[in-house]
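*Asks:* Here is a sequence together with a model predicted from it:
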Amino acid sequence: MLKLNTIQARPGATQKRKRLGRGSGSGLGPTAGKGDKGQLARSGGSVRPGFEGGQMPLYRRIPKRGFKNPGRRTVAIVNVGDLNRLLGSKGGVVSLETLAEAKAIKGAFDRLAVLGTGDVSGKWTVRGHRVSESARAKIENAGGSVEILAIPGPIARPKKVAKA
């Protein structure tokens, strides 16, 4: 019978910790496995990642291309044919929040666009920032409705005040 006082780790599951600098008989004696002298034997002695000994490092030798806009907006694109598969065929509300809860979209998105590929079988209330004409027609023919949300404006940044 299993008792709390008889529980043990499986053989090989745990190892004794390495005790450094405890005499030459231990195998990790005077230099504690760090060799003799040099930068790596010192306290805090290591170089930063990517350091190549003073040679021009690879990340500076390679040309840089392109531009990543920090203020970019990301759009989640969903087809009406995917709604039944992603959220079930009973109908309901389709928005960025419900798609994220259903794990239908991964990542952070600012806007939702609904496109018209596929067929609609449920009564959906679609709340999106952009809905194509064919998607709107299919949703409304199935008894659903479409709400167009206002596109969020630019991020408000404090303006510099001119000194008089």
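*Replies:* Structure received.

*Asks:* who's in contact with residue 93?
*Replies:* 124, 125, 127 (CB atoms under 8 Å, 6 or more residues apart in numbering). No exception for glycine: its C-beta is placed from N, CA and C like everyone else's.

*Asks:* Kindly provide the distance from the residue of the chain most remote from its centre to residue 36.
*Replies:* The C-alpha centroid of the chain is most remote from residue 25, which lies 49.3 Å away (CA atoms, centre = their mean). Going from residue 25 to residue 36 by CB to CB, to the nearest Å gives 19 Å.

*Asks:* Kindly report the same for residue 81.
*Replies:* Relative to residue 36, and taking CB to CB, residue 81 is found at 69 Å.

*Asks:* Who has more neighbours out of the two?
*Replies:* Taking other CB atoms under 10 Å, residue 81 and residue 36 do not tie; residue 81 has more neighbours (17 against 7).

*Asks:* and that one, what is it in contact with?
*Replies:* Applying CB under 8 Å, 6+ apart, the residues near residue 81 are 117, 118, 119, 120.

*Asks:* hmm, try it at 7 Å
*Replies:* Contact partners of residue 81, counting by CB atoms under 7 Å, 6 or more residues apart in numbering, are 117, 118, 119.

*Asks:* Residue 51 now?
*Replies:* residue 57.

*Asks:* May I have the secondary structure class of it?
*Replies:* Judged by DSSP: H, G, I helix; E, B strand; the rest coil, the three-state class of residue 51 is coil.

*Asks:* What is the neighbour count of the nearest residue to residue 31 once chain neighbours are set aside?
*Replies:* Leaving aside its sequence neighbours, residue 31 sits nearest to residue 41 (CB to CB, 6 or more residues apart in numbering; 6.7 Å). Neighbourhood size, residue 41 [other CB under 10 Å]: 13.
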